[in-house]
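Enquirer: Below: sequence and its predicted model.
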Amino acid sequence: MGKITCVYGEFRRTDKGGIDAFRERCQAEEAPAIWIEKRRKFANLYWDCVSTPRVLDIWINDERRARVEILLLGVYEVVRRRGSELLLSYFCGGIRNISIDSARLAAAAVLRLLTLEVGRARRITRYVG
């Protein structure tokens, strides 16, 4: 079983090689991939849980998914600005066009939220399966 890495990546929007390498590392570690793509003044934040352990698929149900999506919406409400956009999904999504500082704040919150969910899934399904 891989470990949960408690980091998020921060890259220039044009650094596709760095972003891809970061996502591959997260996949190898079965950790949520959370990264910021910076521009000059603003940034986009993305998350991707597709590489998380299979136990998350067993753990997730409509009620848990709705709870996490409400919490992700709350993160968006804190950092949003005129012109920002939320791409909301449990397994992947993002917040576009926010300040770089807001992206860092949101990345830390999303990282904590998704890391806790993966950890819960691992603990609970250990006893089920």
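Expert: Perfect, I can see it now.

Enquirer: Can you give me the buried ones in stretch 25-35?
Expert: C26, E30, A31, P32, A33, I34, W35 (16 or more other CB atoms under 10 Å). C-betas here are computed from N, CA, C, even on glycine.

Enquirer: okay, those in TSV with pLDDT and secondary structure next?
Expert: Listed next are those as TSV, based on pLDDT from 0 to 100; DSSP: H, G, I helix; E, B strand; the rest coil:
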residue	pLDDT	secondary structure
C26	88	helix
E30	78	coil
A31	81	coil
P32	85	coil
A33	91	strand
I34	94	strand
W35	97	strand
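
Enquirer: Of those residues, which is the nearest to S89?
Expert: P32 (12.7 Å; CB to CB).

Enquirer: Hmm, that closest one is touching L113, no?
Expert: No - assessed by CB atoms under 8 Å, P32 is found out of contact with L113, at 9.2 Å.

Enquirer: thinking again about what came up before, show me which pair in the buried residues of stretch 25-35 is furthest apart.
Expert: Farthest pair in the buried residues of stretch 25-35, by CB to CB: E30 and W35, 16.5 Å.
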